[in-house]
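# Turn this into a structure:
(2 chains)
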Amino acid sequence: MIQARVRKLFPPGPESAGFSFDLEFQASRGFTVLFGPSGAGKTLTLDSIAGFVHPDEGRILLDDQILFDGEAHVHLPPRARRCGYVFQNYALFPHMTLRQNLEFAAERIPRLERHRKINEMLEKFHLTEVSGRRPYELSGGQKQRCSIARALIGAPRVLLLDEPARGLDASLLADLYSVLRQVRQEFGIPILLVTHDFEECLELGDEMIVVRDGHVVQTGPPRNILEQPANIDVARLLGVFNLLPVEIRALDPGRNASRLRYQEFELNGPYFPGRLIGDQVWLCVRPDLLSAVPRNGRPGMNQIPAALLRTVEKPDRVRLEFSGGIAVEADRAILEKCAGVKEWAVEFPQSGLRVL
Amino acid sequence: MGIDWFPLWLSLRVAGISTALALVIGLWLAWILANRSFRGKELLDAAVTLPLVLPPTVLGYYLLVLLGRNTLIGHIYEKLFGGPLVFTWQAAVVAALFHSTPLLVKSARAAFETIDRSYERAARSLGASESRLFWRVSLPLARRSILAGGALAFARSLGDFGITIMIAGNIPGRTQTVAVAIYDAAESDNGAVARTLSLVISAVALAVLLVANRFTPNPFGPRQAAP
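Residues are numbered from 1 along each chain as shown, chains lettered A, B, ... in the order given. Down below sits the predicted model:
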């Protein structure tokens, strides 16, 4: 269990704007994903926990130990914190073999047990055959597994991973996720992971912390955040929504209905509690909830005419991008069904609509 | 006419001892300058560089004032070793040390500073103490540059003239190093000796520099980092 509240002010310099970093969160065992754009302060968070960065004020608690306390002037050195850190570049010592890298990290383990423990880790991370090689003789995946094994061998109380998915291709990514799930299962410690990829949050995250400009903007399980982004900023960061500026024209709580105006079109939606008629809001809807339909003349109920700009094929579905920045995700079958269609409309469901 | 080879042997011995001392002192200084931030760091840095730019006679004069028989350091040395320091071959070692250490500090500091920060961070987060970090990570990673720096320091130690003549003097058979002997020979119109010693010392220095160059590219360094 880790609880952190950190503040750090970076005053503006001649060539940089100032940055205020003020973060509060906690993470228990399992994955906690720090999600946000680059420059949001995600790595800074990991560095504060590991002790590489000295915050101005705040308090970091790991299990029952105070790692940092601004008021009491406690700032444990990194070596006393027992935080496993997996660096973006892995930071395996280039002059040591894999086994020596693990030995370096296992120094505190009693000699008799050390050898057994190293072999166990090599085995667990499928590194036994290459244990005598130096880092530059290894593939990216092997280096990453070794880096994780090295961070874990000293039995840390938290594992910190800085963008572990960066630069990995799809199959290595699948390997990484399965290794990380295994780690989660076997080590039972909090695992803090930095990413700017929302799919990775969904894939791994038990909990997700959305960070922007040095502040937490939303926390919760990724699925909940996908269902209910706290505001337009979060929705934009997730990068999966259609976001359309609309005006609320009518609200009817009795029939759970509303009418929205988007450009010159009217859409029917559910009742939006807490909103007033005339509010300018963002309509937020996932691409897979929309459907693309062929149009003959006038668009039908809850449909908006749109020009198809681009189709992006994915292995399991297809993404249709329309004018006005509207994207629709549909079954691949639509490609054949609508081969000759010239005029399109996008149909909005009445129930799945959300405004921010 | 026979040439007295004593100055050559003395110079090699002085350079060897001073390089060994320079490695100890210089690496420590370089490590501190590269890794610590403290008040007066700039001043220390400048002070370490000073011997590179000051006239050697000025340095020699300072040392003479500092280490002479009537100074505190001179007294302590005399108590410990039963004889004065100045105008002995040990004083030539001190001269060579001041002549060569700045060079070693410069190259070792640069080597320490080019080590990717994440290695040091990794070592620390894995529980390593600062001394373990130094011996097991930083020093091996900077090894080649430091060896090159050591070779340079050795070559430079061979060549000191100004400081040596100020504090070790020119006593043939006792404190006369090659550089001093060449000066002596040229002054007394002994062209053959000056020529021979000059050629020999040039050859030795050239050989040392060739060795230094072989060490310079670092196979673990960022330039040849494996993909």
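# Contact partners for residue A:66?
A:59, A:60, A:72, A:74, A:76 (CB atoms under 8 Å, 6 or more residues apart in numbering or on different chains). In short, each C-beta sits where N, CA and C put it, glycine included.
# Tell me if the first one really is in a strand.
So the one you mean is residue A:59. Yes. Under DSSP: H, G, I helix; E, B strand; the rest coil, residue A:59 sits within a strand.
# Leaving out chain neighbours, which residue sits closest to it?
residue A:69 (4.9 Å; CB to CB, 6 or more residues apart in numbering or on different chains).
# before we move on, what about the last one?
In this structure, residue A:76 finds its nearest non-sequential neighbour in residue A:67, 5.2 Å apart by CB to CB, 6+ apart.
# which among the contacts of residue A:66 gets closest to residue A:349?
Taking CB to CB as the measure, residue A:349 lies nearest residue A:60 of the contacts of residue A:66, at 44.9 Å.
# Please report the distance of the closest one from chain B.
Per CB to the nearest CB, to the nearest Å, residue A:60 is found 14 Å from chain B.
# Please identify which residue in chain A comes closest to chain B.
residue A:136 (2.9 Å; CB to the nearest CB).
# So that residue lies in a strand, does it not?
No. The assignment for residue A:136, made by three-state DSSP, is helix rather than a strand.
# pLDDT at it, what is it?
Note on residue A:136: pLDDT of 93.
# pretty sure it is in contact with residue A:94, am I right?
Yes. With contact defined as CB atoms under 8 Å, residue A:136 reaches residue A:94; the gap is 6.4 Å.
# Have a look at these two and say which one is more surrounded.
Shown here are residue A:136 and residue A:94; by other CB atoms under 10 Å in any protein chain shown, residue A:94 has more neighbours (22 against 14).
# Are we agreed that that one is in a helix?
No. Per three-state DSSP, residue A:94 lies outside any helix segment and is coil.
# so it makes contact with residue B:141?
Yes. Counting by CB under 8 Å, residue A:94 touches residue B:141, with 7.2 Å between them.
# All the helices of chain A, residue numbers only.
Secondary structure of chain A, counting by DSSP state H: helices at A:42-50, A:98-105, A:111-124, A:140-153, A:170-187, A:198-204, A:222-227, A:232-238, A:333-337.
# same thing with chain B?
B:6-35, B:41-53, B:56-67, B:72-81, B:89-114, B:117-125, B:130-132, B:139-158, B:162-167, B:178-187, B:191-215.
# returning to what we had before: may I ask which of the contacts of residue A:66 has the most neighbours?
residue A:60 (25 neighbours).
# ok, now which ones touch that one?
Listed by CB under 8 Å, 6+ apart, the contact set of residue A:60 reads A:2, A:3, A:4, A:5, A:6, A:48, A:49, A:66, A:67, A:68, A:69.
# Okay, and which of these map to strands?
The members of these that map onto strands under DSSP state E are A:2, A:3, A:4, A:5, A:6, A:66, A:67, A:68, A:69.
# Mind giving me the PyMOL command for buried ones among the residues you listed?
Here is the PyMOL command that picks out the buried ones among those, judged by 16 or more other CB atoms under 10 Å in any protein chain shown:
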select buried, chain A and resi 2+4+5+6+67+68
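# out of the ones in strands among the contacts of residue A:60, which one sits closest to residue A:111?
Taking CB to CB as the measure, residue A:111 lies nearest residue A:67 of the ones in strands among the contacts of residue A:60, at 28.7 Å.
# Would you mind listing the residues in contact with the closest one?
By CB under 8 Å, 6+ apart, the neighbours of residue A:67 are A:49, A:51, A:60, A:61, A:74, A:76, A:81.
# Equivalent analysis for residue A:213, please.
A:19, A:40, A:41.
# Just put those in CSV and tack on neighbour count, distance to chain B and pLDDT.
Formatted as CSV, these follow (neighbours: other CB atoms under 10 Å in any protein chain shown; distance: CB to the nearest CB, whole Å; pLDDT from 0 to 100):
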residue, neighbour count, distance to chain B, pLDDT
A:19, 16, 20, 88
A:40, 25, 20, 88
A:41, 25, 18, 89
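# mind giving me CSV with the residues you listed and columns for distance to residue B:120?
Below are the contacts of residue A:213 laid out as CSV (distance: CB to CB, whole Å):
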residue, distance to residue B:120
A:19, 24
A:40, 25
A:41, 22
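# nearest to residue A:222, of the residues you listed?
Nearest to residue A:222, judged by CB to CB, of the contacts of residue A:213 is residue A:40 at 16.7 Å.
# Counting neighbours, what do you get for residue A:252?
By other CB under 10 Å, 11 other residues sit near residue A:252.
# For it, which residues are in contact?
With CB under 8 Å, 6+ apart, residue A:252 has these contacts: A:258, A:271.
# how much space between it and residue A:278?
15 Å (CB to CB, to the nearest Å).
# go on, residue B:16?
Taking CB to CB, one finds residue B:16 at 90 Å from residue A:278.
# Residue B:85 now?
The gap separating residue B:85 from residue A:278 is 94 Å, by CB to CB.
# Good, we can wrap up now.
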